[in-house]
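Trainee: sequence and computational prediction follow.
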Amino acid sequence: MGTGTGIGRVRGLGSAKEGAHHWLTQRYTAVGNLLLVLWLLFSLISLPGLDYDSVVAWIANPLVAVPMMLMLVSIFLHLRLGMQVMLEDYVHDKGLNFLCILLLNFYAIGGAAAGIFAIAKIAFTGTAE
Amino acid sequence: MARTSSRPLSPHLTIWKWGPHMAVSIMHRVTGNGLATVGALGLVWWLMAAAIGPEAYATFVSCATSPIGYLVMIGLSWFFFQHLCSGLRHFVLDMGAGYELRTNKSWSIGVFLAGAALTILFWAYIFFGKAF
C-alpha cells in the first residue's frame, strides 16, 4: 500500500480519501437497521395475524409504509458496504473482485428497488382485487 | 497481492489460541453475510408476494411455515440478534473501550449469550405469547 503521498496516489496506491465515508455510512446504517428492523420484528409479533389481508392493510398505512421503505434503504446500503468488505478480504483476483462488486451493486440496488416498489404498490393501490 | 515466497508470513490463524473474541468476530461476518443474502431475499420475497396478490402470498406462507421455513426463520432471527449484539459490541470498541483482555473476553461471551437469549425470548413470545 502507498503512504498517501502524491506520487502514491498517482500510481493508484495511495489513500482514495473515501475510507472514512465507507466506515461512517456502515455505522449510520447500522443504527438505522437497529431501530427499523427491531420495529419490524416487534410489529410482526404484535399484529393480530400475518395472513394476506392483515399484512396488506398494515403495510398500506403510511405510518408503516414510510419506515418500511427507509428500512429497505438502510438494510441494502448496510449489506452492500458489509459484503464489499467481505469480498475485498476473500476475492483476491482483481478482475473477479471487480465482477463481484459489480454484481453486489446490482443485487443491492435491485433488491432495494424491488422491496420499495412492492411497498409503494401496496400503499397506493391496496389489495390486488 | 504479490509477495516473494522466501519471505516469512506474519503469524496467522494457526498460531493463536482460539478465544471467544475471535469467535464473536467471525460470527459477526458470517451472520452479516447470511442476513445480507438469505435474510434480505426473504424480506423482499415477502413484500413482493404481498404486492402481487393472495396466491403469491399463499405460496410464500406455505414455504415459510414448512419445517424448513421455520428452521430458516429461526436461524435468521438468531443471526439477526447475534449480529445486533456483536454490532453493539463494535460500537463500544469503536469508542476505544473494552479492549482489556478480561473485559473483552467477558463481553464476547456476553454477546453470544444475549444473542441466544433474545432469539429464545422472541420465539417463546410467538409460540406462547398469547397465553402470557
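Mentor: Great, that's in hand.
Trainee: now do the helices in the chain.
Mentor: Just going to use chain A. Taking DSSP state H to define them, one finds helices in chain A at A:6-10, A:19-46, A:52-60, A:62-90, A:94-125.
Trainee: chain B, not that one
Mentor: Assigned by DSSP H, chain B shows helices spanning B:20-34, B:40-52, B:54-64, B:67-94, B:101-128.
Trainee: any chance of those in CSV, plus distance to residue A:83, mean pLDDT and mean neighbour count?
Mentor: Glycine gets a C-beta too; all of them are placed from N, C-alpha and C. CSV is the format used below for those (distance: least, CB to CB, whole Å; pLDDT from 0 to 100; neighbours: other CB atoms under 10 Å in any protein chain shown):
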stretch, distance to residue A:83, mean pLDDT, mean neighbour count
helix B:20-34, 6, 96, 18
helix B:40-52, 10, 97, 20
helix B:54-64, 24, 97, 15
helix B:67-94, 13, 97, 17
helix B:101-128, 21, 95, 15
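Trainee: is it possible to get a markdown table of those helices that adds distance to chain A?
Mentor: Output for the helices of chain B, formatted as a markdown table (distance: least, CB to the nearest CB, whole Å):
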| stretch | distance to chain A |
| --- | --- |
| helix B:20-34 | 5 |
| helix B:40-52 | 4 |
| helix B:54-64 | 4 |
| helix B:67-94 | 6 |
| helix B:101-128 | 6 |
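Trainee: quick one: residues contacting residue A:37.
Mentor: A:71, A:75, B:80 (CB atoms under 8 Å, 6 or more residues apart in numbering or on different chains).
Trainee: and of those, the nearest to residue B:18?
Mentor: Among the contacts of residue A:37, residue B:80 lies closest to residue B:18 (CB to CB), at 24.9 Å.
Trainee: kindly provide the distance from that closest one to residue A:67.
Mentor: For residue B:80, the distance to residue A:67 equals 17 Å [CB to CB, to the nearest Å].
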